[in-house]
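> Let's see this in three dimensions:
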Amino acid sequence: MLDSGKAFRLRRLSSARDGRYLFVPLDHSMSDGPIVPAAQWDALIGAIVAGGADAIIVHKGRARTVAPETLGGCALVVHLSASTARSPDVNTKVLVAGVEEALRLGADAVSVHVNIGSDTEAEQIADLGAVARSCDDWRMPLIAMAYPRGPRITDPRDPALLAHVVNVAADLGADIVKTSVAGPIDRMAEVVASSPIPVLAAGGPPDGSDLVDYGTAVMATGCHGLAVGRRVFSSPAPASLVARLAAVVHAGTPRAGARSPFPTIMAGAA
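Have a look, this model is predicted:
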């Protein structure tokens, strides 16, 4: 049985209260540089929230710039891992924040990135285990962003490999795991079936095809949600795109707490 504190926070991560999740990671400014000009940050968050995202994922410093009234019913996840694209080893991730910091910022959950097959896999696994212990102490949900990446990985879309990756996350204490999508997509069902915790599909189609169609196919394999960042914040109409993705993720589930489906900010063309 879940401790009630963690159960309450996990419930807030799914706005429709159906155990399905649409997360929008916005941590790319750490790895790659600014995702939007600073003056457009509040408008982007407002568009994502109005579209119906269940949570945004940001680093601790960026979390301080998010006004509580802007988030409304959208949950806040603070990402604890970091690296940059300028690093000698882009697959290395280090901890730059802790669970207590995230709690002080009002976070509903924290996330940690682990690259299985990287040269620093051992350190990243140890970090995930340590954060999981702290999450248990503070009744904080833990999302593992776990991927097969590094010099020992030949096929990052191999279903058996992805099943191993998501089970590493589960064994170390994660409550939700975000990972890559198997190829072909229908074999993602094997990954989901292997996991004792909810599996979220990361990113969009590698060939750049329609994101909503892709999300529909992924959800049909049994995934519990989507985590889409770059395709959202680079969209000319993020609110519209998020609303369409939310409809796919929460198909058939009445939304908990009505929101305006489209904002007046960053509306753009659909």
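> Strands of this structure, start to end?
Assigned by DSSP state E, the chain shows strands spanning 21-25, 55-58, 75-79, 81-82, 94-95, 109-116, 142-148, 176-179, 199-202, 225-227.
> out of these, nearest to Ala47?
Among the strands of the chain, the nearest to Ala47 by CB to CB is strand 21-25 (10.0 Å). Yep, even glycine has a C-beta here, placed from its N, CA and C like the rest.
> re earlier: please identify which of the strands of the chain is closest to Asp155.
Closest approach to Asp155 among the strands of the chain (CB to CB): strand 142-148, 8.3 Å.
> So what touches that closest one?
Residues outside strand 142-148 that contact it (CB atoms under 8 Å, 6 or more residues apart in numbering): 23, 57, 77, 81, 109-117, 128, 131-132, 135, 156, 158, 161-162, 164-166, 168-169, 172-180, 200, 202, 227.
> any chance of the strands of the chain in CSV, plus distance to Asp210 and mean neighbour count?
CSV is the format used below for the strands of the chain (distance: least, CB to CB, whole Å; neighbours: other CB atoms under 10 Å):
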stretch, distance to Asp210, mean neighbour count
strand 21-25, 17, 27
strand 55-58, 23, 26
strand 75-79, 26, 24
strand 81-82, 30, 22
strand 94-95, 36, 16
strand 109-116, 27, 26
strand 142-148, 23, 26
strand 176-179, 21, 27
strand 199-202, 15, 24
strand 225-227, 14, 26
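> Same list (those) but as CSV, adding mean pLDDT and distance to Leu241.
Output for the strands of the chain, formatted as CSV (pLDDT from 0 to 100; distance: least, CB to CB, whole Å):
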stretch, mean pLDDT, distance to Leu241
strand 21-25, 98, 10
strand 55-58, 98, 14
strand 75-79, 98, 19
strand 81-82, 98, 26
strand 94-95, 98, 32
strand 109-116, 98, 22
strand 142-148, 98, 21
strand 176-179, 98, 19
strand 199-202, 98, 16
strand 225-227, 98, 11
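> Now do the helices in the stretch 101-250 of the chain.
Ranges of helices in the stretch 101-250 of the chain, per DSSP state H, counting those that start in this stretch, are 121-138, 159-171, 188-194, 211-219, 230-233, 238-249.
> Put together a markdown table for the strands of the chain, with distance to Met188 on each row.
Formatted as a markdown table, the strands of the chain follow (distance: least, CB to CB, whole Å):
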| stretch | distance to Met188 |
| --- | --- |
| strand 21-25 | 16 |
| strand 55-58 | 21 |
| strand 75-79 | 23 |
| strand 81-82 | 24 |
| strand 94-95 | 29 |
| strand 109-116 | 17 |
| strand 142-148 | 14 |
| strand 176-179 | 9 |
| strand 199-202 | 7 |
| strand 225-227 | 12 |
